[in-house]
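Undergrad: Any chance you can model this:
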Amino acid sequence: MLFSSWQFALFFALVFTAYLALKRWLKLQNALLLVASYVFYGWWDWRFLGLILFSTGIDYFAARKISVSEDARTRKRWLMLSVVSNLGLLAYFKYTNFFLDSLRSAFAQFGGSLPVGAL
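TA: Numbering: from 1, shown residues only. Below you'll find the model as predicted:
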């Protein structure tokens, strides 16, 4: 669903109307936005919903631990877990093919090849 499509305009209008209708209930508004975000993300490719649910789960769990912790070092560790996990996901999906292509190219220059199924 592209931002310039009629589907997005309809989706946005429905979500915005529902959001305004729930103005007295902040938690319901937040839940609506979360579910709408998952629907929007899943509309593009449902196979990646597990990834965003995993990332959201880690962030939510870390935020809960940060909110109940009284020790600054513990809070920083939970924050680092959240940041590192999200940056790790980003790095994996952004750079995996780059490194694999570089590795294949390096092996090809020396007359070798990666075995089938390697990396």
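Undergrad: Okay, and the residue nearest the centre of the chain sits in which element?
TA: Taking C-alpha atoms, centre = their mean as the criterion, residue 52 is the residue nearest the geometric centre of the chain, at 3.8 Å. When secondary structure is defined using DSSP states H and E, the element that contains residue 52 is helix 49-68.
Undergrad: How about that helix, which residues are buried there?
TA: In terms of neighbour count (16 or more other C-beta atoms under 10 Å), helix 49-68 has its buried residues at 58, 62, 65-66. From N, CA and C alone the C-beta is placed, and that goes for glycine too.
Undergrad: before we move on, the earlier item: could you measure from the residue nearest to the centre of the chain over to residue 68?
TA: According to C-beta to C-beta, to the nearest Å, residue 52 stands 25 Å off from residue 68.
Undergrad: what packs against the longest helix seen in the chain?
TA: Across the chain, the helix with the greatest residue count (assigned by DSSP state H) is helix 72-109. With contacts defined as 3 or more C-beta pairs under 8 Å, 6 or more residues apart in numbering; DSSP states H and E, helix 72-109 has these neighbours: helix 49-68.
Undergrad: name the helices or strands packed onto the helix it packs on?
TA: With contacts defined as 3+ C-beta pairs under 8 Å, 6+ apart, helix 49-68 has these neighbours: helix 26-44, helix 72-109.
Undergrad: Least confident of these, on average?
TA: Out of the helices and strands packed on helix 49-68, helix 72-109 stands lowest, with a mean of 89 (criterion: mean pLDDT).
Undergrad: got the angle for that helix vs helix 49-68?
TA: Angle, helix 72-109 to helix 49-68, by axes from the mean of the first three to the mean of the last three C-alpha atoms, to 10 degrees: 150 degrees.
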